[in-house]
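Asks: Got a sequence here, can you model it:
(chains A and B)
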Amino acid sequence: MELYKIAKKLEGLQTVSTIAKTLDINRRTAINYAWKLRKNGFLTTNYGRRKIRLYRISLLNKKRNGYSLYELINENSRVKIAVREDFIIHSDRKPSVEEVLVRGIATERFRIVLASLGLFNKIRNWPELKLLADKCHISRKVGALYDVSRKMMKVRKMDDRTRNAILKNKKGREYIIENLKTDDFKDIEELWGVYVPFNRADLEAYKE
Amino acid sequence: MITFDEQLELFKLIGKDLNNKVTCFAIGGNAMMFYGAKEETKDIDLVFLNKKDLEEVKKVLYNSGFEDKKDLIKIFRHHEVIEKENMPVMMVMKEERIDLFVKGVITFEISDTIDKRVKETHEFDNLIVKVVSPEDIILMKSATERKKDKIDALSLIEKFNINWDIIVEESINQTKLERELFPVFLYDFLTELKEDLKADIPKEVINKVRDIGKAMMIKRLKKGK
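Replies: Here you go, the predicted structure:
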């Protein structure tokens, strides 16, 4: 089969197994096809969980510009995400981890918020995090998710000044993800006035 | 002609000068450039969800040296059916042209389903540009009279695995948004693409769109429009 046609047939996100299944060939031949596709500029490789090779196959000559929010999350978090759409930030400098974390939580999407938790470990500038969270009106949500992440993984300590400043804003209850709440983190829910969308099982990925 | 880098520079300039967040949809050749399906485009087409956002961008473009062009309306197919308040605004500067639309392109409206299918969102400070899916670019190309739009549609059909179900479903969706004539225009466009440019469009898709258009025409006649 012509390479162009193969690329068209396999367009999208693939692994060696899915290439083999789609083309009805064995794994060895699938790896050879992946090599040929890469050589001709149709394929780029990313790595997923447990270092699984993820192939992005496309017929298009796409120019890389700006910073992809989801790639930045994947760069910094142990839990990886693969989304069908992309959000590109065009700015003069690379967005900081603090900015990426706030943007991730602000998406209000389960998988993205879950993957964003892994970024708490990389936060150094807590005042900046609060400032950005305040701009998006999500500082309490950030505080609650910080406490959740502390329970499941090793995370740097948030300075008391920032923590107390966020806690001062407590008013009523709000959802991180609309209408989603669990019973596993009731203490955090009470403290921050925020419904936590995750249960302990959701966060197991961070323990592996 | 406008290259991809020039387009990015222009969006950055607009985004920096805007005072509030403005969201718009990239729909034409400029959307294809984001996908890497085209090297350059003659004009930049942007659709806004309300007139206020369009006016804000128009003001920024004025300040950057663009001028309002009023006599270009006839380049759009079926321009006679455009409602006055939804008239496109065309801004030009030297070789560059930007077409600004509100809510839709002539007979085609930006629906929630189109928003959900958006594959890329680009943020340029205060300007948020959503790039519509290849299927939706084809649908919107059917609203214009120009031959190059047919060539662009052909290129999209060749480069992407077009989901034809989306094309059929969206043409039904458009009739629900009171754009009853859209399937009729789409049928013409797809037929011309298949017959003149030998595009690989399944015959059943064209037949389905024809039937939807036919049903809409009968409905309109019964209503006495």
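Asks: Return the residues of chain B in contact with chain A.
Replies: Within chain B, the positions near chain A by C-beta under 8 Å from any C-beta of the partner chain are B:4, B:8, B:11-12, B:15, B:35-37, B:118-125, B:159-161. Bear in mind the C-beta positions are built from the backbone N, C-alpha and C, glycine included.
Asks: Narrow the residues you listed to those in helices?
Replies: Among these, DSSP state H puts B:4, B:8, B:11-12, B:15, B:35, B:159 in helices.
Asks: Would you reformat those residues as JSON lines and include pLDDT?
Replies: Output for these, formatted as JSON lines (pLDDT from 0 to 100):
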{"residue": "B:4", "pLDDT": "90"}
{"residue": "B:8", "pLDDT": "94"}
{"residue": "B:11", "pLDDT": "95"}
{"residue": "B:12", "pLDDT": "95"}
{"residue": "B:15", "pLDDT": "95"}
{"residue": "B:35", "pLDDT": "89"}
{"residue": "B:159", "pLDDT": "84"}
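Asks: what's the most distant pair in those?
Replies: Greatest spatial distance in those: B:15 and B:159, 28.5 Å, computed using C-beta to C-beta.
Asks: Go through the ones in helices among the residues of chain B next to chain A and name the one nearest residue A:18.
Replies: For those, the closest approach to residue A:18 (C-beta to C-beta) belongs to residue B:159, at 21.1 Å.
Asks: who touches the nearest residue to residue B:12 once chain neighbours are set aside in this structure?
Replies: Spatial nearest neighbour of residue B:12, chain neighbours left out: residue B:124 (5.1 Å); criterion: C-beta to C-beta, 6 or more residues apart in numbering or on different chains. Neighbour list for residue B:124: A:90, B:8, B:11-12, B:14-16 [criterion: C-beta atoms under 8 Å, 6 or more residues apart in numbering or on different chains].
Asks: any idea of the mean pLDDT in stretch A:107-127?
Replies: Across stretch A:107-127, the average pLDDT comes to 94.
Asks: before we move on, the earlier item: I'd like to know which of the contacts of residue B:124 are buried.
Replies: Applying 16 or more other C-beta atoms under 10 Å in any protein chain shown to those, the neighbour count classes A:90, B:8, B:11-12, B:14-15 as buried.
Asks: Touching, residue B:180 and residue B:218? I think so.
Replies: No. Contact criterion C-beta atoms under 8 Å: residue B:180 and residue B:218 do not qualify, at 10.6 Å.
Asks: Quick one: low-confidence residue ranges for chain A.
Replies: Applying pLDDT under 70 to chain A flags the ranges A:1, A:61, A:208.
Asks: Which residues of it lie near chain B?
Replies: Where proximity means C-beta under 8 Å from any C-beta, the interface of chain A facing chain B comprises A:8, A:11, A:58-63, A:65-66, A:84-91.
Asks: Many thanks, we can stop here.
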